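Asks: what's the 3D shape of this:
(2 chains)
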2 protein chains.
Amino acid sequence: MASGSWEEFFAVHLPPTDFEDNRSLLKEFCERHDKHGNRIALVTSGGTTVPLEHNTVRFVDNFSAGTRGSASAEYFLEHGYAVIFMHRQKTLEPYTRHFSGQKLLDMLELNERGPNTTITVKPDSVDVLAPVLARYKAAHAAGALLHVAFTTVSEYFWLLRAACECLARLGPRALLYLAAAVSDFYIPKDRVPTHKMQSESGAPVIQLQLVPKMLAPLVSLWVPSAYVVSFKLETDENLLVPKARSALEKYKHKMVVANLLQTRHHRVVLVKPDASQEILLTREDVHAGVDIEASIVNEIVRLHTAHLGGPSAPAAR
Amino acid sequence: MASGSWEEFFAVHLPPTDFEDNRSLLKEFCERHDKHGNRIALVTSGGTTVPLEHNTVRFVDNFSAGTRGSASAEYFLEHGYAVIFMHRQKTLEPYTRHFSGQKLLDMLELNERGPNTTITVKPDSVDVLAPVLARYKAAHAAGALLHVAFTTVSEYFWLLRAACECLARLGPRALLYLAAAVSDFYIPKDRVPTHKMQSESGAPVIQLQLVPKMLAPLVSLWVPSAYVVSFKLETDENLLVPKARSALEKYKHKMVVANLLQTRHHRVVLVKPDASQEILLTREDVHAGVDIEASIVNEIVRLHTAHLGGPSAPAAR
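Replies: Sure thing, here's the model as predicted:
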């Protein structure tokens, strides 16, 4: 079945319940940073879900822990960008991504002395935690990082459009880094059953519909001057660059970051209208814990600066 | 399409790659606690996934943050049980469930003094964190808590059977608290495509197959003397108790905890062969942050003790 139009999608799917709150936050954030002439990067991260029931027990999900997006957000902040981090609920977030809850508890030392009880971080963990904590606190103190969260594909699209409407005022200073793994498919509202599907009635057949390609109105209508980077995740090497290039020709944006599921943490290809450029980590880099996102963001910031027509990158924090 | 047998499921699906490591951990844990005459609760938690591709980009998921299982594990530990916490990767875990990563970072104060930098928990957060941290450290120091993690439904079944094989030696001192949201459906191995489904070929139709009911061999063959509690999550009140009762008649275990998606945090029905018993939190309880799992576990521990034929519950920690 063919996909409906994007206008139809927004007409059929209601905005999420906390939509107005998020819209206000986005508006305030963009206005404030626009006033200071800052650049803003919108970083989307994590996968979207497609509910199989209205009272959702089951859903189709897209694989993504949020590794790419959460790491990239940190590097954009280091380059002096303000960052809207639009992420799937419960996936990795900038700074906290370095420590699971259990790892953090294990770092703590409890000194029980009744009303004078204190908790300190063990000396050998301070080295690891202190630099991350310092950057976390600096980003929040500067009001440079805004979190907004989605779960379903419909929530994602509502937030994405709202963010674009606010970002439009920044013109070319807005950068969109669309790393979220967005579902290609959904189940039309009128075919979603109200209650949990019963296994007694046999195994169900799920008929999915194609999601409209939001990149089309995004590039041509919502933020026509912004620097837009999209992502392609494939599992077949032969399709990787051809599919990225055809997306670029179709939507006319600035770059597709193409990556294979199997090698995505140490290799990506930046596909631009005029050229392709591979970024590859060495085995030593990987062992040393180097994030490939540092190189990806570095290169994109360089290109964004050139796109803005000047050598003047914002001051690194 | 009908479900295959459980033997067939294990014959067709290979064990997860880290299976032998987990089996060794389970074996050591059960032997050690058996030697001390301890009770062990196996708590399963979180939802299972059903991959739609071999190189998994998309999967069908069951809704569960792991709230019920992670809270219950803490209460079993407080009642002196050793706990195997078998959970979906990245869902809530005992003790850390109280604090998201960001909440923990916000509690920390950085005192930068070069090589003498220290990090301390802010005084007003100590009151909240100290009791949880004390219980976390006590459980780990006593070797009373074992974590094992799954993602797919097949990994879950392999781990579940391995845990049962180790728990069998404890006889009636083993308690199974099967709170995980296990998929009823899966896609037969030979129908899962190798590569990411391409949206160009149109929206796919996903034909699912019923998962075999593992509760049948579990109760009758794997741990015939254990105290087995299963869970039913429904969205339709009218089906809630009838479905729980019919499961009980079919599998002959000790209890079904029946709950509705909409009200599960303040109401459950404990359905036993001879009676049903509702547990309901008042609005005041909910506002005060009382966990309904405290009452559920309390009641189950009482019944387990009676089942063991004596009033002697293990000493509370």
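Asks: which residues of chain A fall in helices?
Replies: Using DSSP state H, the helices of chain A run over residues A:6-12, A:19-35, A:67-78, A:101-107, A:123-141, A:153-167, A:215-217, A:237-251, A:283-287, A:292-307.
Asks: Around whichever residue of the stretch 101-250 of chain A sits closest to chain B, count how many other residues there are.
Replies: Residue nearest to chain B within the stretch 101-250 of chain A (Cβ to the nearest Cβ): A:Gly101, separated by 3.1 Å. (C-beta placed from N, C-alpha, C; glycine too.) Residue crowding around A:Gly101 was assessed by other Cβ atoms under 10 Å in any protein chain shown; the count is 19.
Asks: Please name the nearest non-neighbouring residue to it.
Replies: Counting by Cβ to Cβ, 6 or more residues apart in numbering or on different chains, the nearest residue to A:Gly101 once its immediate chain neighbours are dropped is B:Thr96, at 3.1 Å.
Asks: ok, now A:Met107?
Replies: Spatial nearest neighbour of A:Met107, excluding adjacent residues (Cβ to Cβ, 6+ apart): A:Ser125 at 3.9 Å.
Asks: Identify the residues contacting A:Leu42.
Replies: A:83-84, A:86, A:163-164, A:167, A:174-178 (Cβ atoms under 8 Å, 6 or more residues apart in numbering or on different chains).
Asks: Please apply the same query to A:Leu260.
Replies: By Cβ under 8 Å, 6+ apart, the residues touching A:Leu260 are A:233-235, A:237, A:240, A:267.
Asks: of the residues you listed, buried ones?
Replies: For the contacts of A:Leu260, burial is judged from neighbour counts taken by 16 or more other Cβ atoms under 10 Å in any protein chain shown, and it is met by A:233-235, A:240.
Asks: Inside strands: which ones of the residues you listed?
Replies: A:233-234 (DSSP state E).
Asks: The buried ones among the contacts of A:Leu260 into a markdown table, with extra columns for distance to chain B and pLDDT?
Replies: Putting the buried ones among the contacts of A:Leu260 into a markdown table (distance: Cβ to the nearest Cβ, whole Å; pLDDT from 0 to 100) gives the following:
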| residue | distance to chain B | pLDDT |
| --- | --- | --- |
| A:Leu233 | 7 | 89 |
| A:Glu234 | 6 | 88 |
| A:Thr235 | 4 | 86 |
| A:Leu240 | 11 | 92 |
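Asks: If you average pLDDT per helix and strand, which one of chain A comes out bottom?
Replies: Within chain A, confidence by mean pLDDT, DSSP states H and E is lowest for strand A:205-207 among all helices and strands, at a mean of 68.
Asks: picking that back up, can you list the contacts of A:Leu260 in CSV and add distance to A:Lys213?
Replies: Conversion of the contacts of A:Leu260 to CSV gives the following (distance: Cβ to Cβ, whole Å):
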residue, distance to A:Lys213
A:Leu233, 16
A:Glu234, 17
A:Thr235, 21
A:Glu237, 24
A:Leu240, 19
A:Arg267, 26
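Asks: just to revisit the earlier point, burial of the residue nearest to A:Gly101, as a residue count?
Replies: Based on other Cβ under 10 Å, the number of other residues close to B:Thr96 is 20.
Asks: just the one 4 residues further on next, same as before
Replies: Residues within reach of B:Ser100, counting by other Cβ under 10 Å, total 15.
Asks: and it, how far is that from B:Leu92?
Replies: 10 Å (Cβ to Cβ, to the nearest Å).
Asks: again, but for A:Val50
Replies: Taken as Cβ to Cβ, the spacing of A:Val50 relative to B:Leu92 amounts to 23 Å.
Asks: who's the nearest residue to A:Phe59 once chain neighbours are set aside bridged to?
Replies: Nearest-residue entry for A:Phe59: A:Thr49, 4.3 Å, with adjacent residues in sequence omitted and distances by Cβ to Cβ, 6+ apart. The residues paired with A:Thr49 through beta bridges, assigned by DSSP bridges, are A:Asp61, A:Thr152.
Asks: thinking again about what came up before, can you lay out the helices of chain A as TSV showing distance to B:Ile296?
Replies: Conversion of the helices of chain A to TSV gives the following (distance: least, Cβ to Cβ, whole Å):
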stretch	distance to B:Ile296
helix A:6-12	40
helix A:19-35	34
helix A:67-78	35
helix A:101-107	23
helix A:123-141	36
helix A:153-167	32
helix A:215-217	47
helix A:237-251	50
helix A:283-287	45
helix A:292-307	43
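Asks: Please identify the deepest-packed of those helices.
Replies: Scoring the helices of chain A by mean neighbour count under mean count of other Cβ atoms under 10 Å in any protein chain shown gives helix A:67-78 as the most buried, with a mean of 25.
Asks: what about that helix and chain B, touching?
Replies: No - in terms of Cβ under 8 Å from any Cβ of the partner chain, no part of helix A:67-78 sits within range of chain B; the closest distance is 10.5 Å.
Asks: Quick one: list the elements packing against that helix.
Replies: Taking 3 or more Cβ pairs under 8 Å, 6 or more residues apart in numbering or on different chains; DSSP states H and E as the contact definition, the neighbouring helices and strands of helix A:67-78 are strand A:40-45, strand A:82-88, helix A:123-141, strand A:174-178, helix A:292-307.
Asks: buried ones in the first one?
Replies: Think strand A:40-45. A:40-45.
Asks: so what strands line up beside that strand?
Replies: Based on DSSP bridges, the strands next to strand A:40-45 in the sheet, each with its direction, are strand A:82-88 (parallel), strand A:174-178 (parallel).
Asks: Need the per-residue pLDDT for A:Val50.
Replies: Here, the pLDDT recorded for A:Val50 equals 87.
Asks: swap in the one 4 residues further on?
Replies: What the model reports for A:His54 is a pLDDT of 68.
Asks: Kindly report the same for A:Leu145.
Replies: Note for A:Leu145: predicted pLDDT of 98.
Asks: That one touches A:Tyr81, doesn't it?
Replies: No - the criterion here is Cβ atoms under 8 Å, and A:Leu145 misses it with A:Tyr81 at 9.8 Å.
Asks: These two: who's more crowded?
Replies: Between A:Leu145 and A:Tyr81, counted using other Cβ under 10 Å, the more crowded position is A:Tyr81 (28 against 23).
Asks: Just to check, the more buried one is in contact with A:Ala174?
Replies: No - distance between A:Tyr81 and A:Ala174: 10.0 Å, which falls outside the contact criterion (Cβ under 8 Å).
Asks: anything in contact with each of those two?
Replies: Shared contacts of A:Tyr81 and A:Ala174, defined by Cβ under 8 Å, 6+ apart, comprise A:39-40.
Asks: which stretches of the stretch 151-300 of chain A aren't confidently modelled?
Replies: Counting by pLDDT under 70, the stretch 151-300 of chain A shows low-confidence ranges at A:189-206.
Asks: A:Thr118 against A:Asn111, yeah?
Replies: Yes - in this structure, A:Thr118 is within contact of A:Asn111 by Cβ under 8 Å, at 4.8 Å.
Asks: who's more crowded, these two?
Replies: Neighbour comparison, A:Thr118 and A:Asn111: the larger count goes to A:Thr118, with 14 against 11 (by other Cβ under 10 Å).
Asks: Got the confidence number for the more buried one?
Replies: Looking at A:Thr118, its pLDDT is 95.
Asks: The residue nearest to A:Met107 touches A:Leu105, doesn't it?
Replies: No - no contact is recorded between A:Ser125 and A:Leu105 when judged using Cβ under 8 Å, the distance being 11.1 Å.
Asks: re the thing from before, in the contacts of A:Leu260, find the pair that's most separated.
Replies: For the contacts of A:Leu260, the farthest-apart pair by Cβ to Cβ is A:Thr235 and A:Arg267; their separation is 13.7 Å.
Asks: hang on, A:Gly46 packs against A:Gly66?
Replies: Yes - in this structure, A:Gly46 is within contact of A:Gly66 by Cβ under 8 Å, at 4.2 Å.
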